[in-house]
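>>> show me how the following folds:
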Amino acid sequence: MDRYERILTLHRLLKSAHYPIPLPRLLDELECSRATLYRDVAFLRDALRAPIESGGNDQAAAFRYEQGEGEKFELPGLWLTSDELAALLALNELIGRSGPGVLAGALAPFKSRIEGLLSNHDNGKALPIERIRVIPWGERKLDQQVFRTVAGAVLQRQQLRFRYRARTTNADSRRTVSPQRLTHYRDNWYLDVWDHDREALRSFAVDRMAEAHALDSAAIDVPDSDLNELLASSYGIFAGKPKAWATIRFSSHAARWVADEHWHSQQKGEWLPDGRYELKLPYSNSKELLMDVLKYGPDAEIVAPMSLREEMKILLQLALGGYAQP
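Numbers count the residues shown, from 1 in each chain. Predicted coordinates for the structure are as follows:
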């Protein structure tokens, strides 16, 4: 444990204790010598102005923060343990590789602060940033200015106007909405809104927005319970209350992966006697669910409902038809 981390650990121990902490316990917690501990105590008290009290003789010494003052005292600046720093290092990489300019551009000042903190930690020793990899998948290009405008409207609780081109129909429309929340789903951003023109809750892909402008009018707030019921109760990103429950059976080989996967907050999983795994979950729009089942190929079978099973059969037949010609 380096000095930086010892000081932080000593501070946390003294702040959380309601009684003087004996010297032997501090030596054990900090994994240091008696002389090192006394130097750290002196630094914490004299340089950082910590309200430390000590008592007892050298053999039975004990330390604590002054009552009343200790609760208010905090270390100046930002102090992190090695484990916390490792998490911050992962965040640093996530920010840097989160897409072409969207979060990386908006959070560039914060990213430079993180890098400065990393370089100053542990006596300036360089940390192996290349040991952490963040690999985006299926990420779509975003307009950085649109993203900032949308995020600002969400946080400032302002109504928002934008042009939207639907991906399924390519139809162009103008929307005036009260933004409710931003959702990051499968490496892409979506905006949950109250659509004033349709008078209903909707979700929009931020990458399909253009000409976004925050309005002076205050956004209408929809209760979280209503948002979750309509936008988070069914499978995937598609809105709507569940219309049915799907039952999917996976081979014993695929079961080793699926049993550990989170598909939906209300999913129900069961191991079958023959080693297969049966997964049940609610859905409203079958499109995304079918795509996710398809990736398991012959290791997945939709059992119910029959309408969903038939949809899958049609998809498989169409896919097979593409390979009919040499």
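>>> toward the C-terminus, what is the element adjacent to the longest strand anywhere in the chain?
With residue count as the measure and DSSP state E as the assignment, the chain has strand 172-185 as its longest strand. From strand 172-185 onward toward the C-terminus, using DSSP states H and E, the following helix or strand is strand 188-195.
>>> just the buried positions in that following strand, please.
For strand 188-195, a neighbour-count test (16 or more other Cβ atoms under 10 Å) marks 188, 189, 190, 191, 192, 193, 194 as buried. Any C-beta I mention is one placed from the backbone N, CA and C, and that applies to glycine too.
>>> need those residues in TSV with pLDDT and distance to residue 233, can you?
Compiled in TSV, those are given as follows (pLDDT from 0 to 100; distance: Cβ to Cβ, whole Å):
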residue	pLDDT	distance to residue 233
188	84	20
189	88	21
190	91	16
191	92	18
192	91	13
193	93	17
194	94	17
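>>> any regions of the stretch 101-250 of the chain where pLDDT drops low?
101-132, 235, 238-239 (pLDDT under 70).
>>> repeat the analysis, applying 90 as the threshold.
101-145, 147-148, 151, 166-171, 182-189, 200-201, 224-243 (pLDDT under 90).
>>> tell me where it has helices.
Assigned by DSSP state H, counting those that start in this stretch, the helices in the stretch 101-250 of the chain fall at 103-106, 108-120, 144-156, 224-231.
>>> I'd like to know which elements the last one is packed against.
For helix 224-231, the elements it packs on are strand 200-205, judged by 3 or more Cβ pairs under 8 Å, 6 or more residues apart in numbering; DSSP states H and E.
>>> just the angle between the strand it packs on and strand 172-185, please?
Using axes from the mean of the first three to the mean of the last three Cα atoms, to 10 degrees, the inter-axis angle of strand 200-205 relative to strand 172-185 is 80 degrees.
>>> now do strand 200-205 against helix 224-231, angle only.
Interaxial angle of strand 200-205 relative to helix 224-231 (the same axes, to 10 degrees): 70 degrees.
>>> could you give me the buried positions within strand 200-205?
With burial defined by 16+ other Cβ under 10 Å, the residues of strand 200-205 counted as buried are 201, 202, 203, 204, 205.
>>> in contact with the last one, which residues?
Residues near residue 205 by Cβ atoms under 8 Å, 6 or more residues apart in numbering: 140, 167, 188, 189, 190.
>>> and if we set it to 6 Å?
Residue 205 makes contact with residue 190 under the criterion Cβ atoms under 6 Å, 6 or more residues apart in numbering.
>>> can you name the residues bridging to it?
On DSSP bridges, the residues paired with residue 205 through beta bridges are residue 190.
>>> tally of neighbours for the residue nearest to residue 139 when sequence neighbours are not counted?
Using Cβ to Cβ, 6 or more residues apart in numbering and skipping the chain neighbours, the partner closest in space to residue 139 is residue 187 (4.3 Å). A total of 13 residues lie near residue 187 under the criterion other Cβ atoms under 10 Å.
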